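**Student:** Give me coordinates for this.
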Amino acid sequence: MERPIVIIPALNPLPTLINYTKALLELNIYKVIIVNDGSDPKYQYIFQELSMIDHCIVLKHEDNKGKGRALKTGFGYVLKYFPKTNFVLTVGAHGQHTLDDVKLILQNLRVFSNGIILGVRNFRSKDLPLSNAIGHRAASLLFKLLFHRRILDTQTGLRSIPTKELSWLLKVHGDSYDYDINMLVEAIKRKIPIYEIPIGRVKIRKNSIIHYDEITNSQKIIQQIIANFTKYHKKNQE
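**Tutor:** Below you'll find the model as predicted:
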C-alpha cells in the first residue's frame, strides 16, 4: 500500500481532530499536513497539540482565506518538501470522513493510480433535507449535461490526487468551496481520469456549523457548475 500525505484544511476545528489525526497516522499515512485557515485564537491550543504529534505538520494562514486556498497551501508544501510522495489525500477536519472511508480510498490507490479518486457520499441521510438530496442529484445531472461526465458528488472533500498533478492544481481558480468543482472541470479538460468510490452517508453535525468542508447548499453548487461551463465555453470560442 502506498504511503500518501493527508492534507486537512481546518477552520475552528473541534478537539476531536487531535485523536482523529493520530488515528490517521496509524493507517500507514506518511504525513498529515493541517492548514489552520485563520481560526479564532481560542482554537490555538488544538493546533499546538497537533503540532506536537510525530509526522503531523501544522501550517497557518493568519486570516481566513477559504478551503481552496488552504488546499493550495498544502499542495505547495508537498511539492516543495515531499515531491517524491506519490499521492495526497484531502480530508475534512470536522469528522465528515470516518477512518473506514479513508481506508476505502487507500485500498484503491494502486488500482486507480493514474487519476483522481473521489469518496462519493450517500445523500440518503436522515440529517439531510429531501430538497438538498434532490438538489445534489440535479447538480450531478447538470454537470453531466454540460461537461459530458457524470460525477455523483462534486463537493466531496475526500479525494486522492497523484502528486504529479499538483503543479497545475495550484493554478486552478478558486479560494473557497468553488475550488472543488473547478478542480474537477480542469481535470476533465486535461483528460485526467476521475474515479468514484462509494463511502458513508453524508454527515451534518447538528447544532453546529461546518464552515467550508463540503457545502450542502445545492443551489450554490449548480450556480458554480453553470459559471464554469460559461467560462470554458467562452474560452473555446475565442
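**Student:** where does the residue nearest to the spatial centre of the chain land in three-state SS?
**Tutor:** For the chain, the residue sitting closest to the mean C-alpha position, by Cα atoms, centre = their mean, is Gly157 at 2.8 Å. At Gly157 the chain is in coil, as set by DSSP: H, G, I helix; E, B strand; the rest coil.
**Student:** shouldn't it be in contact with His94?
**Tutor:** No - at 9.6 Å, Gly157 does not count as touching His94 under the criterion of Cβ atoms under 8 Å. (Each C-beta comes from the backbone N, C-alpha and C, glycine too.)
**Student:** which regions of the chain sit below the pLDDT cut-off?
**Tutor:** 1-2, 123-138, 140, 201-225, 228-238 (pLDDT under 70).
**Student:** switch to 80 and redo it
**Tutor:** Along the chain, the parts satisfying pLDDT under 80 run over 1-2, 121-150, 177, 200-238.
**Student:** Helices of that one, start to end?
**Tutor:** Applying DSSP state H to the chain gives helices spanning 16-25, 44-51, 67-81, 99-107, 130-147, 166-169, 178-189, 218-237.
**Student:** Can you lay out these as JSON lines showing distance to Gly115 and mean neighbour count?
**Tutor:** As requested, those are exported to JSON lines (distance: least, Cβ to Cβ, whole Å; neighbours: other Cβ atoms under 10 Å):
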{"stretch": "helix 16-25", "distance to Gly115": "23", "mean neighbour count": "17"}
{"stretch": "helix 44-51", "distance to Gly115": "30", "mean neighbour count": "16"}
{"stretch": "helix 67-81", "distance to Gly115": "17", "mean neighbour count": "20"}
{"stretch": "helix 99-107", "distance to Gly115": "13", "mean neighbour count": "17"}
{"stretch": "helix 130-147", "distance to Gly115": "16", "mean neighbour count": "16"}
{"stretch": "helix 166-169", "distance to Gly115": "13", "mean neighbour count": "16"}
{"stretch": "helix 178-189", "distance to Gly115": "8", "mean neighbour count": "21"}
{"stretch": "helix 218-237", "distance to Gly115": "19", "mean neighbour count": "15"}
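**Student:** export those helices to a markdown table and tack on distance to Ala10?
**Tutor:** Putting these into a markdown table (distance: least, Cβ to Cβ, whole Å) gives the following:
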| stretch | distance to Ala10 |
| --- | --- |
| helix 16-25 | 7 |
| helix 44-51 | 8 |
| helix 67-81 | 8 |
| helix 99-107 | 16 |
| helix 130-147 | 24 |
| helix 166-169 | 19 |
| helix 178-189 | 16 |
| helix 218-237 | 22 |
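**Student:** between those helices, which one is nearest to Pro4?
**Tutor:** For Pro4, the closest of those is helix 99-107, at 7.4 Å, according to Cβ to Cβ.
**Student:** thinking again about what came up before, for Gly119, find the nearest of the helices of the chain.
**Tutor:** helix 99-107 (5.6 Å).
**Student:** Which elements pack onto that closest one?
**Tutor:** Applying 3 or more Cβ pairs under 8 Å, 6 or more residues apart in numbering; DSSP states H and E, we find helix 99-107 packed against helix 16-25, strand 87-90, strand 116-122, strand 194-201.
**Student:** Nearest to Ile33, out of those?
**Tutor:** strand 87-90 (8.4 Å).
**Student:** Check what contacts the closest one and list those residues.
**Tutor:** 2, 4-9, 29, 71, 74-75, 78, 102, 105-106, 109, 113, 157-163, 166 (Cβ atoms under 8 Å, 6 or more residues apart in numbering).
**Student:** ok, now with 6 Å
**Tutor:** 2, 4-7, 78, 109, 157, 159-162 (Cβ atoms under 6 Å, 6 or more residues apart in numbering).
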